[in-house]
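Asker: Next come a sequence and a model predicted from it.
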Amino acid sequence: MIADGYLVGDGSWELTVLVTDLQVERTLRVKGDLHIGGLMLNLVEELDVAIDWSDHALWWPKKNIWLCRTRSTLDQCGIQADAYLHFTPMHKYLRLQLPDLRFIDIKADFSAKTFTAVKKLCKELGIRHPEELSLCRPLTSEHLKRNYPRGVGCTPRQRSKEPTAGINLSQNNNNKSDGFLTPDTSGSAGTPLNTSWNDGRNYSPSTAMFNGNSSFLNYSADSSMSATDLPLAHSPRTPNEEARHSVLRPKSLAERARLNAGWLDSSLSIMEQDIREFDTLLLRFKFYSFYDLNPKYDAVRINQIYEQAKWAILAEEIDCTEEEMMLFAALQVQVNLQANHPQPDIYHDDEDVETALTDLQVTLEGTLISKGKSNITNVPELSDYLSFMKPKRFTLKGFKRYYIVLRDTYLNLYKSKDSEPNMSISLKGCEVTPDVNLSHGKYGIRLEVPNHEGMTEYWIRCSSEEQYAKWMAACRLAAKGKTMADSSYELEVKSIQDFLSMQKPAPAAVISPSQIDINPDDMVAPRFIRKLKSQKIIQRILEAHANVKDLNLMEAKLSYIKAWQALPEFGMSLFVVRFDNSRKDELLGIAFNRLMRMDLSTGDHIKTWRYNTMKVWNVNWEVRQVRVQFEEENVAFSCLSADCKVVHEFIGGYIFLSMRSKDQNQTLNEDLFHKLTGGWV
């Protein structure tokens, strides 16, 4: 029987497809053995519109999936007559907030996995090593007041309809086809660059536009444009009001942990996670393991890391001492001053680059491979009289003087130089935390040594800055299972000494307060502003600035990053969790080399597990529980402040980053990343 020109009873049926660009529906008669590619071909022929449809694909709203496998049939995809599909572009505009808080509108791949989409975005923006970054939903202060074990979903700031303002970029004045941008250097660092970009859409005129199809900001060594000239290599001194109000200021450890609730799942596409065109997302450095920072090629990356560090410190996401805060403010002043001056090309020589990279590698990894020969039979040791204490609650016992010897990775305590050892402590796997107050002449080291019950705490007090630098460096290496024979020991000592010397106020400031406009609110965390008067803060900042006044722009930013990395809490991403067989909520800290079980109210370390003792990690999806198998024990916990996939992705992501090597092909192994972060056995 034939009806409307079709043979009824031949197994065919009608399928409705919405073409989003044209906002028209088409009803096609199809069979279950028709493949997806054939369906799209039939649809385009039915439309008969001369448009480039190559960027279009089928989206199934009800199932929340892309139908990207063009060879799969409708039957294989489970598509029946009640299905309603969208024929829509895979690349859509996204409003992206960068680490420096500026907003840009940029085309992103909504059909690819988020990991792949971020890789493409970073290439567009000129940021190397995109595996260190990810996308995050913009949270509000209300999100910090409760836990989201299933994720936060679409947030008010993500889909706001209010007009916005952000970065402005201009097209190349020469109208070249290579797509490079030329910054407007006529204004101050806080003045937005002009734009003449017009896509014919109703965007805010003060929002930067990127077309997403050409390497708009891609920089290569062969390009005629210096990396330091790229617009994103420089940031405004102060963000606009919208950006400033978007900065969240956590008031407790639990609120710090809830900041991690908004991370997207790297294994799913943007569209599959309820992100729609013109939504706002944050591009942030997710993993605090910055690889191969090269000032010659990474001006944009270094600037964005510097900006993320700056706002983390100002928002009190990470704690620091008063002296450290003044150092950060002084470095920020130097960055602002140098931003208005032409910068020397100091990294044209390979040796200069190698020196800078060596210093950064020591800061990041604490070690590097020795380039020369060393005497492996001679194990150096450190010995001196130091004050030592094992703190206990409800006790008034203070420090006692011991003769202490650090050899290999063991700390041996003697009552006198000639006596038998009273105690021997293995430092391998311990937590080493500085306890320094320069204004009071306090040079302390806190050791948290793992045992079968948890962590045992010991305090060491040094008598001088020089003594502290040597012992602190030795303890840090011992915690990593390394000795002072490691080639990084002397560099670690020097790094600690340099960090302390920068915190010392100079006898006199080289700049008077009348010569420079300093707003303490832009440079100092609120708790220090509440403690000190405004004029006192400015004077302290200028005194600290005298120690860094000779740094150029790149050196000042790198010094800021290194000082940030030297903070005890650096690189620790927190989550509120509940461990198996436990009745109370606790904190889980995830760093580049370890997991830490912590007290939720005080932040005290309860237990540390190193990645080098980890065998297996996965997720039990039925009960949404993360399980980690170590050499000494098995650990299982449920994540309360974020989706369990976020926690698993942090662990697997750091394992993935640890496998990077200069000797290997730098092509990203995306399959390996998803294998390590997917959460399946």
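Answerer: Everything's here; your move.
Asker: Next, count neighbours for Leu133.
Answerer: 23 (other C-beta atoms under 10 Å). C-beta here means a position set from N, CA and C on the backbone, and glycine is covered the same way.
Asker: Check Gln80 too.
Answerer: 11.
Asker: could you list every residue that touches it?
Answerer: Contact partners of Gln80, counting by C-beta atoms under 8 Å, 6 or more residues apart in numbering, are 13, 74.
Asker: same thing but 7 Å
Answerer: Gln80 sits next to no residue when contact means C-beta atoms under 7 Å, 6 or more residues apart in numbering.
Asker: element containing it?
Answerer: Using DSSP states H and E, no element contains Gln80; it sits outside every helix and strand.
Asker: now the helices for the stretch 551-681 of the chain?
Answerer: 553-565, 644-658, 670-677 (DSSP state H, counting those that start in this stretch).
Asker: Give me the contacts around the last one.
Answerer: Spelled out, that is helix 670-677. Around helix 670-677, the neighbours that count as contacts under C-beta under 7 Å, 6+ apart are 115-116, 131, 266-267, 648-649, 652-653, 655-656.
Asker: what does stretch 49-67 give?
Answerer: Against stretch 49-67 from outside (C-beta under 7 Å, 6+ apart): 36, 40, 44, 68, 77, 83-91, 111, 269, 271-272.
Asker: Pull out the buried members of those.
Answerer: Of the members of these, the ones counted as buried by neighbours, 16 or more other C-beta atoms under 10 Å, are 36, 40, 44, 77, 83, 85-91, 111, 269, 271-272.
Asker: coming back round to it: of the contacts of stretch 49-67, which belong to strands?
Answerer: Among these, DSSP state E puts 84-89, 91 in strands.
Asker: Thr435 in helix, strand or coil?
Answerer: Quick fix: residue 435 reads Asp, not Thr. strand (DSSP: H, G, I helix; E, B strand; the rest coil).
Asker: That one: how many residues sit nearby?
Answerer: The burial count for Asp435: 15, using other C-beta under 10 Å.
Asker: and Ile538, which of the three is it?
Answerer: helix.
Asker: what's the distance between it and Val510?
Answerer: Computed as C-beta to C-beta, to the nearest Å, the Ile538 to Val510 distance reads 14 Å.
Asker: Among the two, which residue is more densely surrounded?
Answerer: Using other C-beta under 10 Å as the criterion, Ile538 and Val510 rank with Ile538 on top: 22 against 13.
Asker: Contact partners for the more buried one?
Answerer: Contacts of Ile538 by C-beta under 7 Å, 6+ apart are 513, 518, 520.
Asker: how much space is there between it and Val333?
Answerer: 10 Å.
Asker: which neighbours do the two share?
Answerer: With C-beta under 7 Å, 6+ apart, Ile538 and Val333 have common neighbours Ile518.
Asker: Figure out how far stretch 484-497 is from the centre of its chain.
Answerer: 26 Å (C-alpha atoms, centre = their mean, to the nearest Å).
Asker: That stretch: which residues count as buried?
Answerer: Here stretch 484-497 shows 484-486, 488-489, 491-493, 495-497 as buried, counting by 16+ other C-beta under 10 Å.
Asker: Just flag the most distant two among those.
Answerer: Farthest-apart pair in the buried residues of stretch 484-497 is Ala485 and Gln497; separation 20.2 Å (C-beta to C-beta).
Asker: for Glu633, phi and psi?
Answerer: Torsion angles at Glu633 (phi, psi; degrees, to the nearest 10) stand at phi -170, psi 170.
Asker: burial of it, as a residue count?
Answerer: 11.
Asker: Return the per-residue confidence for it.
Answerer: With respect to pLDDT, Glu633 scores 89.
Asker: Could you measure from it over to Gln23?
Answerer: For Glu633, the distance to Gln23 - C-beta to C-beta - is 59 Å.
Asker: which among the buried residues of stretch 484-497 gets closest to Pro231?
Answerer: Using C-beta to C-beta, the buried residues of stretch 484-497 come closest to Pro231 at Ser495, 32.3 Å.
Asker: Tell me how far the helix or strand hosting the closest one lies from the chain's centre.
Answerer: Ser495 is part of helix 489-503, with elements assigned from DSSP H and E. Relative to the centre of its chain, helix 489-503 is centred 25 Å away, using C-alpha atoms, centre = their mean.
Asker: which residue packs closest to Val436, ignoring adjacent ones?
Answerer: Spatially, and ignoring its direct neighbours in sequence, Val436 is nearest to Tyr443 (5.7 Å; C-beta to C-beta, 6 or more residues apart in numbering).
Asker: Pretty sure the one you found sits in a strand.
Answerer: Yes - counting by three-state DSSP, Tyr443 is part of a strand.
Asker: Lovely, talk soon.
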